[in-house]
Structure formats: C-alpha cells, structure tokens
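[1] Sequence and predicted structure, then a few things I'm wondering about:
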Amino acid sequence: MTKIKNFFKSNKRKCLLIFLVLEFLISIWITPNKYDSEFFIKQMQEMSAFDFVSMRYQTWTSRVLIETFICLILPKAGIIWAILNTVVMTILVYSILKIFVKEDNPILNWMAICFVLIYPLDKIASCDWGAGSMNYTWPLAMLLFSIIPIAKIQRQEKIAKYMYPIYSGALIFACNQEQCCMIAFCVYVIFTIYYILKNKKAHPFMVVQSVLTVLSLLFIVTCPRKLC
C-alpha cells in the first residue's frame with residue numbers, strides 16, 4: 001500500500017490515472033461500427049486484411065500500417081478497441097505533459113487533460129469512432145510520444161536505452177499518416193540541424209529518427225494514390 005501511495009505522490013500520475021478512468025468510461029459505451037468503420041468491417045468479411053490493405057495502397061491511400069491495425073481491430077471491436085483507445089489517449093496526455101510541462105505543476109497538468117477532454121468529440125464521430133480515432137488521434141498520440149526524446153535531450157535528461165526502439169516504433173506509426181509525417185519530418189530535421197550547429201556533433205538517435213521520417217515521406221509520395 002505504501003508503494004502505491006508513493007507512486008501516486010506525483011500529481012502528474014494522479015491526473016493520468018483519473019484521465020485513464022474517464023477515457024475508458026467514454027470508450028466502453030461506444031460501438032465503432034458506423035460510417036467508415038462499417039466500410040472496413042464489411043470489407044474484412046469479403047477479403048483478407050492483406051488483400052484489402054494491398055488494394056487500398058494501389059487505389060487510394062499510403063496508410064498501410066494504420067489500415068492494417070484498423071482491419072485487425074475493428075472486426076473485433078468493443079472491449080478491445082475501448083481498451084486500446086483508452087491506452088493511446090492516455091499516452092497522448094502523457095506526451096503533452098512530458099513535452100510541455102517541465103515540472104510537476106498541478107494547474108498545468110489539469111489544463112492539459114481538460115484540453116484533451118473538451119475536444120469536440122463529434123469531429124471524431126463524423127467518420128465513426130473506430131476509423132476516426134485510429135486514423136487521426138492515434139497517429140497524433142504516437143507523434144507526440146515520439147517527440148519526447150527531443151524534449152529530454154533539450155533538458156539534458158537521461159533516456160533509458162530500452163525506450164529508443166519504442167520511440168522509433170511510435171514514430172513509424174505516426175508517420176504513416178501524411179500530416180503527422182510532415183510535422184515529424186520538419187521537427188526532427190530542424191532539431192537535428194540545430195543540435196549539430198549547437199554541439200558541433202550529431203546525436204545518433206536524432207539522425208536515426210530523421211532518417212525514418214525521410215523514408216516515411218518517400219513512401220507516401222511514391223504511393224500509387226495519395227490520400228489528400
């Protein structure tokens with residue numbers, strides 16, 4: 001019990017826990033099976049995920065990674081999507097706090113959470129919760145999470161070695177969405193150049209992340225059909 005109390009001494013951790021519970025209560029009552037989500041679910045009844053994603057790549061979009069997740073998760077929607085959406089949205093808030101709130105400031109912590117909670121949910125629901133969240137809010141969450149290393153390097157904070165591949169994986173997922181890819185490309189390339197000019201040397205991980213954004217951008221622009 002003492003360990004649990006010590007863990008939640010940080011106001012940031014309390015805020016995240018409360019947000020996680022609220023987000024789960026919102027997500028658990030949603031059945032993502034309308035509009036775009038209905039389209040994906042019907043397609044999975046007629047063909048395999050691989051065939052569908054391959055067809056979409058050739059005729060419509062470069063979001064092969066995102067749409068693979070959609071194809072695998074939406075037909076099994078309900079509790080699985082609710083849990084994953086809750087986790088990803090919590091990562092979104094966590095990333096905002098890590099990037100923009102340097103200290104454990106209670107007021108700023110709650111402001112960040114409120115900004116996420118007051119987002120007009122009908123915007124996501126307009127193409128249905130499943131497809132809408134996985135196409136837009138999930139890549140956004142992964143984008144912000146993948147930018148955390150920049151904030152840590154700027155503040156001269158230590159990055160655990162096991163986190164490097166996790167940050168890279170998040171970046172790859174985020175960059176499968178066109179807008180997020182452009183943001184990541186600009187942020188990482190500019191910061192890498194800034195770091196080199198300031199320190200007279202390159203940060204290896206910043207170079208790796210920059211290369212990943214460039215490769216992702218090339219993948220998008222060479223797709224037979226681009227999603228606008």
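    Arrived safely, thanks for sending.

[2] downstream neighbour of whichever strand or helix holds Ala184 in the secondary structure list?
    For Ala184, the host element (DSSP states H and E) is helix 178-199. Per DSSP H and E, the first helix or strand lying C-terminal to helix 178-199 is helix 204-221.

[3] the helices in the chain, which residues?
    Secondary structure of the chain (DSSP state H): helices at 2-7, 11-27, 35-46, 49-59, 64-73, 79-100, 106-117, 121-125, 129-132, 138-154, 163-174, 178-199, 204-221.

[4] need the least confident one among these, by mean pLDDT.
    The stretch with the lowest average pLDDT out of the helices of the chain is helix 2-7, scoring a mean of 54.

[5] and the gap between Met47 and Phe219?
    23 Å (Cβ to Cβ, to the nearest Å). Bear in mind the C-beta positions are built from the backbone N, C-alpha and C, glycine included.

[6] repeat for Trp129
    For Trp129, the distance to Phe219 - Cβ to Cβ - is 27 Å.

[7] Of the two, which one has the most company?
    Trp129 (26 against 15; other Cβ atoms under 10 Å).

[8] hmm, back to that, out of the helices of the chain, which one sits most buried?
    helix 129-132 (a mean of 24; mean count of other Cβ atoms under 10 Å).

[9] May I have the phi/psi pair for the nearest residue to Lys102 once chain neighbours are set aside?
    Spatial nearest neighbour of Lys102, excluding adjacent residues (Cβ to Cβ, 6 or more residues apart in numbering): Arg155 at 6.8 Å. Main-chain dihedrals, Arg155, degrees, to the nearest 10: phi -90, psi 0.

[10] burial of Arg155, as a residue count?
    By other Cβ under 10 Å, neighbour count at Arg155 equals 8.

[11] how much space between it and Ile148?
    Taking Cβ to Cβ, one finds Arg155 at 11 Å from Ile148.

[12] hang on, Ser168 packs against Thr213?
    No. Contact criterion Cβ atoms under 8 Å: Ser168 and Thr213 do not qualify, at 10.7 Å.

[13] residue contacts, Phe205?
    Applying Cβ atoms under 8 Å, 6 or more residues apart in numbering to Phe205 gives the contacts Pro149, Ile159, Tyr164, Tyr167.

[14] my bad, Lys76
    Contacts of Lys76 (Cβ under 8 Å, 6+ apart): none.

[15] Verify the stated contact: Leu117 with Leu22.
    Yes. Between Leu117 and Leu22 there is a contact at 7.0 Å, judged by Cβ under 8 Å.

[16] Counting neighbours, what do you get for Pro75?
    17.

[17] And for it, nearest residue in space, chain neighbours not counted?
    Going by Cβ to Cβ, 6+ apart, Pro75 has Met44 as its nearest residue, at 4.7 Å.

[18] got it, and Cys175?
    Ser216 (3.5 Å).
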